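In: Okay, here's the prediction I keep looking at, along with the sequence it came from:
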Amino acid sequence: MAVIIDGKKIAEKVIDNIKKEVDLLERKPKLAVILVGNNPASEIYVRNKQKMALKLGFDSVVLTLPADISEENLLEQIYILNEDVNINAILVQLPLPAHLNKQRILEAIEPLKDVDGFTTHNFGRLSLGYFPCVVPCTPKGIVRLLDEYDISLEGKKVLVIGRSNIVGKPISLLMQNRNATVTMAHSKTKNLEELILSNDIIISAVGITNIVNQVSKGAVVIDVGINRTENGLKGDVNFELVSENASYITPVPGGVGPMTIAMLMENTLELFKIQEKLLF
Ligand code: GUN
């Protein structure tokens with residue numbers, strides 16, 4: 001039976017360490033979150049981010065903007081936050097309403113305050129292996145979990161299922177930077193079962209329940225899926241079946257999710273330190 005990777009416990013450890021550091025600071029990091037419209041899942045995520053920021057003693061502001069806001073007005077809000085010296089980190093919660101051009105909105109964020117690492121500046125630096133760069137929160141959290149459990153990546157065959165800008169693409173880059181051999185799959189990939197069975201580490205971030213049903217003996221399985229079903233919150237992985245063969249597996253909830261918030265807080269602190277010239 002697989003070891004269950006305890007994301008909640010590791011996230012608490014990260015948060016404790018951040019808190020100790022923040023307690024010693026004179027000025028506190030300030031995170032600004034922009035929430036457009038009233039997507040119920042986004043509202044929950046933003047509330048949790050705000051709660052955690054306040055628990056850590058960060059300053060935090062949430063701008064809740066109407067679903068029908070014009071692109072120009074939203075851009076104006078981002079420019080104001082870019083210019084505000086008291087704001088260290090800016091996050092625009094995704095998804096955005098369909099009439100807004102996501103690319104134009106995300107690109108408006110000042111790269112030094114881009115806490116998600118979604119601007120081409122930071123994503124380009126990540127792709128090229130240049131540092132410093134802001135690493136997107138969920139992929140950063142996955143690597144941290146693997147490190148905490150001493151799961152080596154060097155030479156490992158890693159299958160990433162899902163090619164999103166938020167998880168799939170950046171995690172594939174992080175894995176390559178760690179000398180893993182990465183295969184990208186997605187919802188249209190043929191012979192997915194075969195690929196799953198022939199890889200050492202499976203990272204599923206595709207948003208389809210039970211897309212991972214069987215893995216090879218000893219495989220490491222990271223489930224990034226958050227699927228709201230009539231039976232509650234489910235990941236992409238058939239946990240009961242897969243944990244029979246896997247060596248390590250993340251649960252949903254309590255696996256990757258708590259790490260995303262912890263990494264957001266870590267990125268906020270990092271940006272603060274760069275801006276305050278405490279970190280170079
Ligand atoms: N929506 C789902 N995940 C994320 C994330 O990591 N950042 C932002 N901004 N929006 C999201």
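Out: Yep, it's here.
In: switch to C-alpha atoms for all contacts and neighbour counts from now on
Out: Will do.
In: Quick one: list the elements packing against the helix or strand containing Gln50.
Out: Following DSSP states H and E, the helix or strand that holds Gln50 is helix 40-55. Contacts defined by 3 or more C-alpha pairs under 8 Å, 6 or more residues apart in numbering; DSSP states H and E place helix 40-55 against strand 30-36, strand 59-65, helix 256-275.
In: Relative to Ile202, which of those is closest?
Out: helix 256-275 (13.5 Å; C-alpha to C-alpha).
In: ok, and what's touching the closest one?
Out: 7-8, 10-12, 14-15, 18, 29-31, 49, 52-53, 88-89, 112-113, 115-116, 134-135, 137-138, 140-142, 222-224, 250, 279-280 (C-alpha atoms under 8 Å, 6 or more residues apart in numbering).
In: which SS state does Leu146 fall under?
Out: Here Leu146 is recorded as helix under DSSP: H, G, I helix; E, B strand; the rest coil.
In: show me the contacts for it.
Out: Neighbours of Leu146 in contact, by C-alpha under 8 Å, 6+ apart: Ser152.
In: Going along the chain, name the strands of the protein.
Out: For the chain, strands defined by DSSP state E occupy the ranges 3-4, 30-36, 59-65, 89-92, 157-161, 181-185, 201-204, 220-223, 227-229, 232-234, 248-249.
In: same for the fifth one, what does it pack against?
Out: Packing partners of strand 157-161 (3+ C-alpha pairs under 8 Å, 6+ apart): helix 168-177, strand 181-185, strand 201-204.
In: cool, and the last one?
Out: On a contact count with 3+ C-alpha pairs under 8 Å, 6+ apart, strand 248-249 meets strand 3-4, strand 220-223.
In: what about the closest residue in space to Ser127 that isn't next to it in sequence, neighbour count?
Out: Closest residue to Ser127 apart from its sequence neighbours, by C-alpha to C-alpha, 6 or more residues apart in numbering: Leu173 at 6.2 Å. Here the count is done by other C-alpha atoms under 10 Å, and Leu173 has 19 residues near it.
In: From Gly235, how far out is Leu173?
Out: Going from Leu173 to Gly235 by C-alpha to C-alpha, to the nearest Å gives 23 Å.
In: Quick check: chain neighbours aside, which residue is closest to whichever residue of the stretch 151-280 of the chain sits closest to the ligand?
Out: Closest residue of the stretch 151-280 of the chain to the ligand, C-alpha to the nearest ligand atom: Ile166 (6.0 Å). Once flanking residues are discounted, Ile166 sits nearest to Pro136: 6.9 Å by C-alpha to C-alpha, 6+ apart.
In: what residues are up against that neighbour?
Out: Applying C-alpha under 8 Å, 6+ apart, the residues near Pro136 are 115-118, 166-167, 170.
In: Make TSV from those residues and add distance to Ala2 to it.
Out: Output for the contacts of Pro136, formatted as TSV (distance: C-alpha to C-alpha, whole Å):
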residue	distance to Ala2
Val115	34
Asp116	31
Gly117	32
Phe118	34
Ile166	27
Val167	24
Pro170	26
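In: Of the residues you listed - the most surrounded one?
Out: In terms of neighbours by other C-alpha under 10 Å, the contacts of Pro136 top out with Val115 at 32 neighbours.
In: My guess is that residue contacts Gln93. True?
Out: No - at 11.3 Å, Val115 does not count as touching Gln93 under the criterion of C-alpha atoms under 8 Å.
In: how much space is there between Thr268 and Phe123?
Out: 17 Å.
In: Is the ligand within reach of stretch 254-264?
Out: No - judged by C-alpha under 6 Å from any ligand atom, stretch 254-264 makes no contact with the ligand; its nearest approach is 6.9 Å.
In: Please tell me how far that stretch is from the chain's geometric centre.
Out: 7 Å (C-alpha atoms, centre = their mean, to the nearest Å).
In: Hmm, Leu31 is touching Asp84, no?
Out: No - if you go by C-alpha under 8 Å, Leu31 and Asp84 don't touch, sitting 11.5 Å apart.
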